[in-house]
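>>> Fold the following.
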Amino acid sequence: MTALRDSERAAESLGVDTRRIKLAVFVGCAAMTGAVGSVVFLSKLRMTPDSAFSLIDWTAYVVFIVIIGGIGRIEGPILGTIVFFALRRSLADLGPLYLTVLGLVAIVVMLKAPQGLWGLVAERYQIDIFPVRRRMRSIESSTKQ
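So this is what the prediction gives:
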């Protein structure tokens, strides 16, 4: 999968069956998406098209989670989800006003920490729990090895 990500043509030239790998990844992701969707519907009391395609449930919350946690790293949305559920639980007594508070929190985080909360943590403590990002190395450091 790494070779496929870097260069599909190069992976094919090395004998990797890219079509089979893509199909397996798409089928696996579809299965996981279906499983998560079924768990979500189990938590709802009724199943209607409105509950499945609600703008707030599926769009606003996801955007909030990614903005708060941080984009570009796997850890960001995980931290964003934890913060979102903690805020939702603590602000539940405010009724619909909690959406306004969530919006204000998102604005403050965007202004103070453009890389999200995990970006602040990773920058300060130099940690990556899931190191899957590409890193640039200078020519000098690669020739020394």
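>>> All the helices of the chain, residue numbers only.
2-6, 8-13, 18-43, 49-52, 55, 61-69, 75-90, 97-112, 116-125, 139-144 (DSSP state H).
>>> Quick check: which of the ones you listed has the most neighbours on average?
helix 61-69 (a mean of 20; mean count of other Cβ atoms under 10 Å). All C-beta spots, glycine's among them, are computed from the backbone N, C-alpha and C.
>>> roughly how far is that one from the heart of the chain?
8 Å (Cα atoms, centre = their mean, to the nearest Å).
>>> quick check: mean pLDDT across that helix?
When pLDDT is averaged over helix 61-69, the result is 90.
>>> neighbouring contacts of it?
With Cβ atoms under 8 Å, 6 or more residues apart in numbering as the test, helix 61-69 has contacts from 75-81, 83-84, 102, 105-106, 109-110, 116-118.
>>> Same question for stretch 18-28.
1, 4, 8, 11-12.
>>> Give me the spatial nearest neighbour of P77, chain neighbours excluded.
G69 (4.8 Å; Cβ to Cβ, 6 or more residues apart in numbering).
>>> Next one: that neighbour relative to S13, how far apart?
Counting by Cβ to Cβ, to the nearest Å, the gap from G69 to S13 is 38 Å.
>>> cool, and F84?
44 Å.
>>> And R20, by the same measure?
In terms of Cβ to Cβ, R20 sits 16 Å off from S13.
>>> just L111 next, same as before
47 Å.
>>> Repeat that for L79.
In this view, L79 and S13 are 40 Å apart by Cβ to Cβ.
>>> A30 now?
29 Å.
>>> Where does pLDDT dip in this protein?
45, 51-52, 55-57, 133-145 (pLDDT under 70).
>>> Check the offset of stretch 122-133 from the chain's centre.
15 Å.
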